[in-house]
Each structure stands twice: as structure tokens, then as C-alpha cells.
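**Q** Quick one, what's the 3D model for this:
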Amino acid sequence: MTRFQRPAIMGVLNVTPDSFSDGGDFLDPAAAEAHARAMVAQGADLVDVGGESTRPGAEPVSLDEELRRVLPVLEGLSEAGIAISIDTSKAGVVGSALAAGARFVNDVTALRGDPAMAEVVAASSAELCLMHMLGEPGTMQENPRYADVVSDVKRFLEQRLDFAVRQGVAEDRIWLDPGIGFGKALEHNLALLRRLDEIVAIGRPVLIGASRKRFIGAITGRPERERGAGTLAANLIAYQRGASMFRVHDVAENRDALLLAAATLD
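**A** Numbering: from 1, shown residues only. As a prediction, the model looks like this:
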């Protein structure tokens, strides 16, 4: 496994027209590369490039369209020596992304979206993040229900971890993500943060993607781009409960806060 310093920072780079917070900002490859460079300068350990929005209500895009969006950006970042994660659920995108230099696969479907995904990842040396999502982006926020959200998410992640290993993905290359905001109501997100140590107990490093999410706005009343302070609070709680990597839009602030937390708590 890549030895990221803990806490590790994953910078968000959406090359989409419709992502919930920064849709359309980085469709131009030059703008995307400039933003990636800025995030790395601010302390990002790797940059997560996504060409298909997974916001609530998002519509899927074709393989060709996703490749058209991400490949020029991936190639530019690779030439610049920037560590790359590819945020996709399509094996065809992963294959091209790995060839372009990506070394981390962030799959919000946990290998359920494309039956070829596990084989492509297993044949590479890439790391893989398996995320919990209830339903799919188009419908996931329509009255999500759980018997016990933490127990249900933990069981799902254990099952997907077992599946990935049986498909040939090395266990020491796998990360887990409880999927904050993906088919979760406010109380579900708060419970996952409060009891995150139960997910950490599975034994694989945990990635948290709470940045600017709707549940922060529900509590603070802030619009997407003003949820930085709420994001910091969520990430500090997650770090205290054992999370290892944080997927964020605002790199500098989260890096500084998490470094201080690490110096204090560790």
C-alpha cells in the first residue's frame, strides 16, 4: 500500500458540468491542471479526478463522454508528477486512467457498477477504495432507511471487501469509505461520524468524504461553498475516531487542522 502520511489529504477535482459544489469550474484541462497543482502545493497527497457527477439526482454519462473529460487531465497531471486517483465506476475508464498514470481507484459502487472492474484493478498495482451507497445517485436520497445505519454499512463494506479479495485484489491495497451523503439522511451521516470507530474496526484504512455535503448545510444553513468550517469539524471528528484519508475541496484548511489534531491526539 502507498504509505501516505496520516492524515492523508485527497483533493477533489471534478471535470464535470454538474457536480454539486464545483460543477463546470474545471472542464477546461488547463484550468483543471492548474487547480490540481494548487491543491498539491497546499498539501494534497493525491488528486481525485472525476468525470461523472455522483451528486443526488445525477444522470449517468457514457463511457466515451467520461473518457473525453478525464483523459486530457489525467495525462497532464501524470506529466506533472502529481499522484492521481480516478473517481469512476467504469472499468473502461479505470483501464485508460491506469495507463495514463493513475494509481488509486475510487469506486462509489464498491465494484457493483461494472462486472469487469474487479479484474482490471486486480491486474494492476493500484489501490482501491470501496464505498457504501444506498441505491444509485439518481435515487439515493429518496427516503433512505436502515435498521441500524452503522451496522448495515459495516456489514456491506465487509462483504465488498471479501468480494474484492476473492476477485484477486490484494487486501492490503483496499480502502473503505462509509459513503457520507450517499443514500443517508442527516441522522445517518451523524451516526456514521459518531461511531466511525466501528467501521475502522474492520481493519482497513478508512477514507471520509464529507466535504461541503448537504448534511453540513442542513445544520449550519450555509450554501455549498460556505461549508468549509463544517467540513473541518466533520473531518476532525472522523480523524479522532480513526479515519486515515480525507477527500476535500479546501485542501489548505483541512491539512492544517488535521496536522494540529494529529500532533495533539497522536
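**Q** shaky segments in the stretch 1-150 of the chain?
**A** Flagging of the stretch 1-150 of the chain using pLDDT under 70 yields the residue ranges 1-3, 18-24, 57, 137-140.
**Q** Would you map the helices across it?
**A** Secondary structure of the stretch 1-150 of the chain by DSSP state H, counting those that start in this stretch: the helices cover 29-42, 63-79, 91-100, 117-122, 149-166.
**Q** pull the CA atoms of the second one into CSV?
**A** Output for helix 63-79, consisting of C-alpha atoms alone and laid out as CSV, is shown next (Å, rounded to 0.1, in the frame of the first residue of the first chain):
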residue,chain,number,x,y,z
LEU,A,63,-18.0,5.8,-21.3
ASP,A,64,-16.9,7.9,-24.2
GLU,A,65,-18.0,11.1,-22.7
GLU,A,66,-16.4,10.3,-19.3
LEU,A,67,-13.1,9.5,-21.1
ARG,A,68,-13.3,12.7,-23.1
ARG,A,69,-13.5,14.7,-19.9
VAL,A,70,-10.8,12.9,-17.8
LEU,A,71,-8.1,11.7,-20.1
PRO,A,72,-6.5,15.0,-21.1
VAL,A,73,-6.5,16.0,-17.4
LEU,A,74,-5.0,12.7,-16.3
GLU,A,75,-2.3,12.9,-18.9
GLY,A,76,-1.4,16.4,-17.8
LEU,A,77,-1.3,15.6,-14.1
SER,A,78,0.8,12.5,-14.8
GLU,A,79,3.4,14.5,-16.8
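**Q** export the helices of the stretch 1-150 of the chain to a markdown table and tack on distance to Arg173?
**A** No exception for glycine: its C-beta is placed from N, CA and C like everyone else's. Below are these laid out as a markdown table (distance: least, Cβ to Cβ, whole Å):
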| stretch | distance to Arg173 |
| --- | --- |
| helix 29-42 | 22 |
| helix 63-79 | 20 |
| helix 91-100 | 13 |
| helix 117-122 | 8 |
| helix 149-166 | 9 |
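**Q** Give me the local confidence score for Thr231.
**A** pLDDT for Thr231: 98.
**Q** Tell me how many other residues crowd it.
**A** Thr231: 21 surrounding residues under other Cβ atoms under 10 Å.
**Q** And Arg55, by the same measure?
**A** Counted with other Cβ under 10 Å, residues neighbouring Arg55 total 20.
**Q** Look up phi and psi at it.
**A** Torsion angles at Arg55 (phi, psi; degrees, to the nearest 10) stand at phi -70, psi 160.
**Q** To Leu232, which of the helices of the stretch 1-150 of the chain lies closest?
**A** helix 29-42 (14.3 Å; Cβ to Cβ).
**Q** What helices and strands are in contact with the closest one?
**A** strand 8-14, strand 46-50, helix 63-79, helix 251-265 (3 or more Cβ pairs under 8 Å, 6 or more residues apart in numbering; DSSP states H and E).
**Q** same for the second one, what does it pack against?
**A** Think strand 46-50. The contact analysis (3+ Cβ pairs under 8 Å, 6+ apart) places strand 46-50 against strand 8-14, helix 29-42, helix 63-79, strand 84-87, strand 104-107.
**Q** For the fourth one, C-alpha coordinates in CSV please.
**A** Listed in CSV are the C-alpha atoms of strand 84-87, where the atom choice follows Å, rounded to 0.1, in the frame of the first residue of the first chain:
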residue,chain,number,x,y,z
ILE,A,84,-3.7,10.6,-9.3
SER,A,85,-6.8,8.9,-8.1
ILE,A,86,-9.6,8.1,-10.6
ASP,A,87,-13.2,8.5,-9.4
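**Q** rewinding a little: make TSV out of the helices and strands packed on helix 29-42 and add mean neighbour count.
**A** Converted to TSV, the helices and strands packed on helix 29-42 look like this (neighbours: other Cβ atoms under 10 Å):
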stretch	mean neighbour count
strand 8-14	26
strand 46-50	26
helix 63-79	19
helix 251-265	16
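**Q** which residues touch Glu253?
**A** Gly228, Leu232 (Cβ atoms under 8 Å, 6 or more residues apart in numbering).
**Q** wait, doesn't Gly179 sit right on Val108?
**A** Yes: with contacts counted by Cβ atoms under 8 Å, Gly179 reaches Val108, the gap being 7.3 Å.
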